[in-house]
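>>> below are the sequence and a predicted model; questions follow.
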Amino acid sequence: MAIGNFVKKIQDIMRQDAGINGDAQRIEQMGLILFLKIYDEREEQWELIEDNYKSIIPQKFRWKNWAVDKKDGNALTGDELLNFIDKDLFPTLKNIVLPDNATTRQIIVRSAIEDNHNYMKDGVLLRQVVNEVDTLDFDGYKDRHAFGEIYETILRSLQSAGNAGEYYTPRAVTEFMAKIIAPKLGESIADFACGTGGFLTSCLNELKPQIKSADDKLKYYKSIFGIEKKPLPHMLCVINMLLHEIDNPEIIHGNSLERKVNEYTNSEKFDIILMNPPYGGTEKEAIKSNFPTDLRSSETADLFMSVIMYRLKYNGRSAVVLPDGFLFGDEVKARIKEKLIKEFNLHTIIRLPQSVFAPYTSITTNILFFDKTEPTKNVWVYRLDMPKGYKHFSKTKPMQFSHFAPVLEWWNNRTSLTENGFDKSKCYSVGDLAKTNYNLDLCGFPHEEEEILPPEELIAKYIVTKANLDAQIEATLKSITDLLGGK
């Protein structure tokens, strides 16, 4: 079965269930079932390669012992299945007693389930969904690749499921940022609002070809760290890491802003930070008190920028997606930018086309690249225009990695560029930026300005335009009349 059809079939089954309201709940339900299935398959692998492996999940509640339909008439279904899941399975997994030395792969069983719910109310339909998911086999490379397609289908659904889309970053953007940052085995990589794990998996894809030995593999397993506030994307991120063979993923279910930024030790800092922090949201006063007075802001993107600066190692590097408002913002934003420029090397800003995040949002965004090596001397700004043949990106025509080709070509051979009289690429000195209170809204997208005429000229222009239109209408009507024989 084609991957898109597989996801559609499950969603069609769920649409018949009165307990599920909307795509976001259907996706959460699918994610829960996929998590239980995938975790069980990983456990079977761990049992093969580890002596005395013991599951944190009681045997009765492992997927293979309740979900698999052996076609003997004994598979749980209907009210019996619902009662088992609602009254036994979920309460047990949410309240698993963890040992003092619990590993991450043990902890994630409870954390992935504790804030999620079973919405389905029809046990027969639930059995159909479980059976469909059980047909998937993730042991082989092809099967894991197939899940990658399933996963992308789920993410595309998330993108158009209202607020759920706020943690989705198009794959083309995550791949480009990871390619430019170029992570190396042994480096620590973090995303403090990791969503479903797009940046982390893009970095893992860069690291995997570097594995040449058992020691390299160990570095690969320990390379990533993420924090996600919301339960659904957190669970999907955990699934993502398990499928990338990260068996003890450090993916924390929590809020990155709930810690005083000046308390972070060197061991809590990272070589690489890649992020698309939530923007447009606000935080309560208690959260803002975790930041120095001059950096306190109600907007989440501002606060995350401060977290990034406080958690980046010396010689570390970062790439962050931020909206236009950050570039030209003053007051707190200006102070954050001043700190960034004076204490870090903000070397490049890539301005992205407006519809990169369509259909979720039309807000124009930018990628800031900086490192913690020395204060900024110069900032290069490059405007990435819409590719030829595109008026805008959409769900059916999303941005592709190939659309970043002009930036990749320019990156190592930087020159100032102008197009139709507008700056497309230019280098700005720190002195230039300081004079504008660190306004980084540079090399913007050209737009046609409406000509404002004096009233008398405007009226005269209107009369001429109206006369021309009237003449065109008269000519068209005469042509139609002639065709009808003059009647």
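Okay, I see it.

>>> only C-alpha atoms for contact and neighbour calcs from this point on.
Noted.

>>> and the closest residue to Gln128 other than its chain neighbours, what element?
Leaving aside its chain neighbours, Gln128 sits nearest to Ile13 (7.5 Å; criterion: Cα to Cα, 6 or more residues apart in numbering). Under the assignment given by DSSP states H and E, the secondary-structure element containing Ile13 is helix 3-15.

>>> and that helix, what does it pack against?
If contacts are counted by 3 or more Cα pairs under 8 Å, 6 or more residues apart in numbering; DSSP states H and E, helix 3-15 sits against helix 23-49, helix 123-134, helix 141-159.

>>> so which bits of the following helix or strand past the first one are buried?
Scanning forward in sequence from helix 23-49 by DSSP H and E, the next helix or strand is helix 63-66. Neighbour-count burial for helix 63-66, with 16 or more other Cα atoms under 10 Å as criterion, is recorded at Trp63, Lys64, Trp66.

>>> repeat that for stretch 330-349.
Within stretch 330-349, the residues that count as buried by 16+ other Cα under 10 Å are 330, 332-338, 340-341, 343-349.

>>> show me those residues that map onto strands.
Of the positions in the buried residues of stretch 330-349, Asn345, Leu346, His347, Thr348, Ile349 sit in strands, assigned by DSSP state E.

>>> surely the second one is in contact with Leu340?
Yes: counting by Cα atoms under 8 Å, a contact exists between Leu346 and Leu340, whose distance comes to 7.0 Å.

>>> please, where are all the strands along this structure?
Listed in chain order (using DSSP E), the strands of the chain are 189-191, 224-228, 250-253, 270-275, 312-323, 345-351, 365-371, 378-383, 417-419, 422-429.

>>> would JSON lines of the ones you listed with distance to Thr201 and mean pLDDT be doable?
Listed next are the strands of the chain as JSON lines, based on distance: least, Cα to Cα, whole Å; pLDDT from 0 to 100:
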{"stretch": "strand 189-191", "distance to Thr201": "11", "mean pLDDT": "98"}
{"stretch": "strand 224-228", "distance to Thr201": "9", "mean pLDDT": "95"}
{"stretch": "strand 250-253", "distance to Thr201": "12", "mean pLDDT": "92"}
{"stretch": "strand 270-275", "distance to Thr201": "11", "mean pLDDT": "98"}
{"stretch": "strand 312-323", "distance to Thr201": "15", "mean pLDDT": "97"}
{"stretch": "strand 345-351", "distance to Thr201": "22", "mean pLDDT": "98"}
{"stretch": "strand 365-371", "distance to Thr201": "18", "mean pLDDT": "97"}
{"stretch": "strand 378-383", "distance to Thr201": "26", "mean pLDDT": "98"}
{"stretch": "strand 417-419", "distance to Thr201": "34", "mean pLDDT": "93"}
{"stretch": "strand 422-429", "distance to Thr201": "30", "mean pLDDT": "95"}
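
>>> how about low-confidence regions in the stretch 1-150 of the chain?
Under the criterion of pLDDT under 70, the regions of the stretch 1-150 of the chain flagged as low confidence span 1-4, 138-150.

>>> of the strands of the chain, which is nearest Ala358?
With Cα to Cα as the measure, strand 365-371 is the member of the strands of the chain nearest Ala358 (11.5 Å).

>>> what helices or strands is that closest one leaning on?
Using 3+ Cα pairs under 8 Å, 6+ apart, the elements in contact with strand 365-371 are strand 312-323, strand 345-351.

>>> mind doing that once more with 10 Å?
Where contact means 3 or more Cα pairs under 10 Å, 6 or more residues apart in numbering; DSSP states H and E, strand 365-371 is packed against helix 171-181, strand 270-275, strand 312-323, helix 324-328, helix 332-343, strand 345-351, strand 378-383.

>>> tell me how far the shortest one lies from the chain's centre.
The one in question is helix 324-328. Averaging C-alpha positions (Cα atoms, centre = their mean, to the nearest Å) puts helix 324-328 20 Å from its chain's average.

>>> which strands or helices does that helix pack on?
helix 332-343, strand 365-371.

>>> neighbouring strands of the shortest one in the sheet, and parallel or not?
In this case it means strand 365-371. Based on DSSP bridges, the pairing partners of strand 365-371 within the sheet are strand 312-323 (antiparallel), strand 345-351 (antiparallel).

>>> any chance of CSV for those, columns distance to Ala301?
Shown next, in CSV, are these (distance: least, Cα to Cα, whole Å):
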stretch, distance to Ala301
strand 312-323, 7
strand 345-351, 16
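
>>> compare the ones you listed and give me the one nearest Glu132.
Across these, Glu132 has its closest neighbour in strand 312-323 (37.5 Å, Cα to Cα).

>>> tilt between that closest one and helix 171-181?
Relative orientation of strand 312-323 with respect to helix 171-181: 150 degrees, computed using axes from the mean of the first three to the mean of the last three Cα atoms, to 10 degrees.

>>> now strand 312-323 and strand 270-275, what's the angle there?
Note on geometry: by the same axes, to 10 degrees, strand 312-323 and strand 270-275 are set 10 degrees apart in direction.

>>> quick one: buried residues of strand 312-323?
Of the residues in strand 312-323, those buried by neighbour count under the rule 16+ other Cα under 10 Å are Leu312, Lys313, Gly316, Arg317, Ser318, Ala319, Val320, Val321, Leu322, Pro323.

>>> swap in stretch 302-315?
Residues Asp302, Leu303, Phe304, Met305, Ser306, Val307, Ile308, Met309, Tyr310, Arg311, Leu312, Lys313 are the ones in stretch 302-315 that count as buried (16+ other Cα under 10 Å).

>>> which of those residues sits closest to Phe445?
Nearest member of the buried residues of stretch 302-315 to Phe445, counting by Cα to Cα, is Asp302, at 23.5 Å.

>>> Ala334 versus the closest one, what's the distance?
From Asp302 over to Ala334 the distance is 10 Å, taken as Cα to Cα, to the nearest Å.

>>> can you pull the residues that touch both of the two?
Leu295, Phe326 (Cα atoms under 10 Å, 6 or more residues apart in numbering).

>>> burial measure for the closest residue to Arg311 other than its chain neighbours, as a count.
The shortest distance from Arg311 to any residue other than its chain neighbours is 4.5 Å, reached at Lys269 (Cα to Cα, 6+ apart). Residue crowding around Lys269 was assessed by other Cα atoms under 10 Å; the count is 20.

>>> now the helices and strands packed on strand 365-371 as a markdown table including distance to Glu132?
Below are the helices and strands packed on strand 365-371 laid out as a markdown table (distance: least, Cα to Cα, whole Å):
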| stretch | distance to Glu132 |
| --- | --- |
| helix 171-181 | 27 |
| strand 270-275 | 35 |
| strand 312-323 | 37 |
| helix 324-328 | 44 |
| helix 332-343 | 50 |
| strand 345-351 | 43 |
| strand 378-383 | 46 |
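
>>> for His244, find the nearest of those.
Counting by Cα to Cα, His244 lies closest to helix 171-181 out of these; the figure is 15.7 Å.

>>> find residues that contact each of Leu346 and Leu340.
Between them, Leu346 and Leu340 share the neighbouring residues Phe370, Asp371, Lys372, Pro375, Thr376, with contact defined by Cα under 10 Å, 6+ apart.

>>> residues near Asp247, how many?
If you count neighbours by other Cα under 10 Å, Asp247 ends up with 21.

>>> for it, which residues are in contact?
Asp247 sits next to 39, 42-43, 46, 103-106, 221-222, 238-239, 241 when contact means Cα under 10 Å, 6+ apart.

>>> at 8 Å instead, please
Neighbouring residues of Asp247 by Cα atoms under 8 Å, 6 or more residues apart in numbering: Arg42, Arg105, Tyr221, Met241.
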